[in-house]
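**Student:** Quick one, fold the following:
(chains A and B)
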Amino acid sequence: MTGSSIGIEIEGVTHGYTPRSGKPTVALDNISLSIRPNEFHALLGPSGCGKSTLLFLIGGFQKIQQGRIRTARGDVTAPGPDRGIVFQNFALFPWKTVIENVRYGLEKKGLKGSEAEARAKHYIDLVHLTGFERSYPAQLSGGMQQRAAIARTLAIDPDILLMDEPFGALDAQTRRIMQEELLAIWRRTSKTVVFVTHDVAEAVFLADTISVMSARPGRIKRLVQAEFNRSDDPHIHKSPAFADMVEQVWDMVRDEVDQARMQGH
Amino acid sequence: MMRLLARLSPIVVLLAVWEGAALLHLVKPFLLPAPHVVAGRIWKDVISGQFEMNAALTLYRALIGFAMACLIGVPAGILIASDRFVRWFAEPLVSVGFPMPKIAFLPVFMLWFGVYDVSKIVMVCFAAVFAVVAAAEAGTRGVDKFMLWSARAMGAGRYQLFREVILPAAMPQFLTGMQIALPVSLITAVAAEMLMGGAGLGGAMLAAGNYADSPGVFSGIVQTSVVGLVAVAGMTALRRRLLRWHPEFNPR
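**Tutor:** As a prediction, the model looks like this:
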């Protein structure tokens, strides 16, 4: 779908829910957001700001209560292979080996036999899991499991890659490596990425644009252009410009974290 | 091999103390026959084919009842977990039934199904089914939401979601329910036989007790435990085979 003029159009999306015990809560309040094709977009905010809910709505996993979300393929009403998703807890099928996990989506697309095998192998190589094709997820480290989950999602070649704090469960070193590799893959495959995180430095490092979200009710407080992800400098995160940007974004987030804390999160 | 011996040593110690107590005449042989006497009786039963026949009969009743409990219990648990109306209807029944002493229903089943195999098998099924239902329900309900969403995002439909994700994901819990239900099935089969008489391990023990044949009672207990041990080991082996992928068999 490259060349299409829309990536993701979010228009006036409001979303609420009523917990089993408690009063109705507005998770997202009149969100409008336009994400360009091939843009790397970060949704940044404190926990409880509805950033994951917004991601799940784009994915079509939850019903849109009010407003509208469109992609190049039309209105979002249900999940589909044009929008691949990667979760924080990997959500691999633990009874399938790495290659069987990656093949699952390919087989759903109608690929069979050696064709599916070759394609699965290609994406396993891409995420540097070569040699672990026949391992079960339980035999791999957290970082390797997330690589497998990313390979599984990339293999179905979605236009849009949705990522819900994908590196949140990983240790600091692994997270850094995964961030760099994700950028490398994104540059090569040119997908629209929506990346949910509460880590300011991660958002600044990865994203073209950062939506800084406010605490409940979730609103988009500011849009920040980061664009350090276009740099070839491997030490970009040590540059003064990068540090300034992190500080600046952190100031925007700080108020929201304080507010969220007062609301009991 | 050494580890097996080490694990068996408490039993060996217990047998030695028991044998010593018998040799020193610390207890009356009628109240507690010596292990070698019991072993002799077991050997006699094996040679005569008595043990094989009784064990086969008890296993037949226990395993048919167990299989019925699984065939009914797993689908019922899945249904309760996935359908709100079925859950509304069945959940109170399961809650009441689970802790109930099921053997109390034996006279009712005898009335309905006669005094031969059918009533015993129905008794076993009824006693075993609750554990299977409860575990299957918990397993189905506990399937990770994000795993289901992943499958849907890759294009899985409703039926595929059930067959390719929910069933394998809940399999460990299904097997756990069966592992609880299998010993329950054996216990219930033996108990029903002891209450109703006739052939089978329980019936043989009842007869031995009626004739004040204490070596017969004790050899019946040992025979029953051996049958139970073998059945449970078989179930564990099945679990290991089906769940090769599971973290419990893949320590990191």
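
**Student:** In the chain, mark out all the helices, start to finish.
**Tutor:** Reading this off chain A. A:51-59, A:98-108, A:113-126, A:142-155, A:172-189, A:200-206, A:240-262 (DSSP state H).

**Student:** To clarify, I was referring to chain B.
**Tutor:** B:2-23, B:35-48, B:50-82, B:84-97, B:106-113, B:117-141, B:145-153, B:158-160, B:167-196, B:201-210, B:214-242.

**Student:** Give me the distance from the last one to the chain's centre.
**Tutor:** Meaning helix B:214-242. 9 Å (C-alpha atoms, centre = their mean, to the nearest Å).

**Student:** Report the mean per-residue pLDDT for that helix.
**Tutor:** Throughout helix B:214-242, pLDDT has a mean value of 93.

**Student:** Next, the buried residues of it.
**Tutor:** For helix B:214-242, a neighbour-count test (16 or more other C-beta atoms under 10 Å in any protein chain shown) marks B:214-220, B:223-224, B:227-228, B:231, B:235, B:239 as buried. The C-beta positions use only the backbone N, C-alpha and C, and glycine is treated the same way.

**Student:** circling back: can you add distance to residue A:170 and give the helices of chain B back as a markdown table?
**Tutor:** As requested, the helices of chain B are exported to a markdown table (distance: least, C-beta to C-beta, whole Å):
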| stretch | distance to residue A:170 |
| --- | --- |
| helix B:2-23 | 37 |
| helix B:35-48 | 58 |
| helix B:50-82 | 32 |
| helix B:84-97 | 38 |
| helix B:106-113 | 57 |
| helix B:117-141 | 29 |
| helix B:145-153 | 16 |
| helix B:158-160 | 30 |
| helix B:167-196 | 23 |
| helix B:201-210 | 56 |
| helix B:214-242 | 31 |
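
**Student:** Stretch B:168-178 close to chain A?
**Tutor:** Yes. Using C-beta under 8 Å from any C-beta of the partner chain, we find that stretch B:168-178 touches chain A at B:168, B:169, B:171.

**Student:** near chain B, which residues of the stretch 101-250 of chain A show up?
**Tutor:** When proximity is defined as C-beta under 8 Å from any C-beta, the stretch 101-250 of chain A approaches chain B at A:104-105, A:108-109, A:136-139, A:141, A:149, A:152-153, A:156.

**Student:** Can you give me the neighbour number for residue A:176?
**Tutor:** Using other C-beta atoms under 10 Å in any protein chain shown, residue A:176 has 16 neighbouring residues.

**Student:** Tell me the residues of the stretch 101-250 of chain B that contact chain A?
**Tutor:** Near chain A, when you scan the stretch 101-250 of chain B using C-beta under 8 Å from any C-beta, you find B:144, B:146-147, B:149-156, B:160, B:164-165, B:168-169, B:171, B:244-247, B:250.

**Student:** Now the buried members of these.
**Tutor:** By 16+ other C-beta under 10 Å, these give B:144, B:146-147, B:149-156, B:160, B:164-165, B:168-169, B:171, B:245-246, B:250 as buried.

**Student:** Settle this for me: residue B:74 is touching residue B:132, isn't it.
**Tutor:** Yes. Between residue B:74 and residue B:132 there is a contact at 6.2 Å, judged by C-beta atoms under 8 Å.

**Student:** sorry, back to before: now the helices of chain A in CSV, with mean pLDDT and distance to residue B:11?
**Tutor:** Output for those, formatted as CSV (pLDDT from 0 to 100; distance: least, C-beta to C-beta, whole Å):
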stretch, mean pLDDT, distance to residue B:11
helix A:51-59, 94, 55
helix A:98-108, 94, 43
helix A:113-126, 91, 50
helix A:142-155, 93, 43
helix A:172-189, 89, 48
helix A:200-206, 93, 58
helix A:240-262, 83, 59
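
**Student:** Generate CSV for those, with distance to residue B:181 as supplementary columns.
**Tutor:** Shown next, in CSV, are these (distance: least, C-beta to C-beta, whole Å):
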stretch, distance to residue B:181
helix A:51-59, 38
helix A:98-108, 30
helix A:113-126, 39
helix A:142-155, 33
helix A:172-189, 43
helix A:200-206, 48
helix A:240-262, 47
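
**Student:** For residue B:54, find the nearest of these.
**Tutor:** Evaluated over the helices of chain A, closeness to residue B:54 peaks at helix A:98-108, with 46.3 Å, by C-beta to C-beta.

**Student:** now for that closest one, which elements pack on it?
**Tutor:** helix A:113-126, helix A:142-155 (3 or more C-beta pairs under 8 Å, 6 or more residues apart in numbering or on different chains; DSSP states H and E).

**Student:** in chain B, which helix or strand is least confident?
**Tutor:** For chain B, using mean pLDDT, DSSP states H and E, the weakest element among its helices and strands is helix B:2-23, scoring a mean of 88.

**Student:** What residues sit buried inside that one?
**Tutor:** B:18, B:22.

**Student:** between that helix and helix B:35-48, how many degrees?
**Tutor:** 110 degrees (axes from the mean of the first three to the mean of the last three C-alpha atoms, to 10 degrees).

**Student:** next one: helix B:2-23 to chain centre, how far?
**Tutor:** The answer for helix B:2-23 is 26 Å, by C-alpha atoms, centre = their mean.

**Student:** returning to what we had before: looking at the residues of stretch B:168-178 next to chain A, which one is closest to chain A?
**Tutor:** Comparing the residues of stretch B:168-178 next to chain A against chain A with C-beta to the nearest C-beta places residue B:168 closest, at 4.6 Å.

**Student:** which stretch among the helices of chain B comes nearest residue A:74?
**Tutor:** Here helix B:145-153 is closest among the helices of chain B (C-beta to C-beta), at 16.7 Å.

**Student:** Which pLDDT value goes with residue A:90?
**Tutor:** 92.

**Student:** Counting neighbours, what do you get for it?
**Tutor:** With other C-beta under 10 Å as criterion, residue A:90 counts 25.

**Student:** right, and it touches residue A:146 too?
**Tutor:** Yes. Look at residue A:90 against residue A:146 with C-beta under 8 Å: they come within range, at 5.5 Å.

**Student:** Overlap in contacts, these two.
**Tutor:** residue A:169 (C-beta atoms under 8 Å, 6 or more residues apart in numbering or on different chains).

**Student:** what's the neighbour count on the nearest residue to residue A:233 once chain neighbours are set aside?
**Tutor:** Leaving aside its chain neighbours, residue A:233 sits nearest to residue A:239 (7.1 Å; criterion: C-beta to C-beta, 6 or more residues apart in numbering or on different chains). Neighbour count of residue A:239, defined by other C-beta under 10 Å: 13.

**Student:** and residue A:239, backbone torsions?
**Tutor:** phi -70, psi 150 (degrees, to the nearest 10).

**Student:** any idea how far it is from residue A:151?
**Tutor:** Look at residue A:239 and residue A:151: by C-beta to C-beta, to the nearest Å, they are 31 Å apart.

**Student:** Check residue A:210 too.
**Tutor:** 26 Å.

**Student:** What of residue A:215?
**Tutor:** 35 Å.

**Student:** isn't residue B:15 right next to residue B:34, touching?
**Tutor:** No. Between residue B:15 and residue B:34 there is no contact under C-beta under 8 Å: 9.9 Å.

**Student:** my guess is residue A:42 contacts residue A:210, does it?
**Tutor:** Yes. Applying C-beta under 8 Å, one finds residue A:42 in contact with residue A:210, separated by 4.6 Å.

**Student:** Report the set of residues contacting both of those two.
**Tutor:** A:203, A:226.

**Student:** OK, contacts around the closest residue in space to residue B:219 that isn't next to it in sequence?
**Tutor:** Nearest residue to residue B:219, sequence neighbours excluded (C-beta to C-beta, 6+ apart): residue B:41, at 4.1 Å. Shown in contact with residue B:41 (C-beta under 8 Å, 6+ apart): B:215, B:216, B:218, B:219.

**Student:** do you know how far residue B:41 is from residue B:48?
**Tutor:** 11 Å.

**Student:** Kindly report the same for residue B:137.
**Tutor:** Relative to residue B:48, and taking C-beta to C-beta, residue B:137 is found at 46 Å.

**Student:** Export the helices and strands packed on helix A:98-108 as a markdown table, with columns for mean neighbour count.
**Tutor:** Shown next, in a markdown table, are the helices and strands packed on helix A:98-108 (neighbours: other C-beta atoms under 10 Å in any protein chain shown):
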| stretch | mean neighbour count |
| --- | --- |
| helix A:113-126 | 16 |
| helix A:142-155 | 24 |
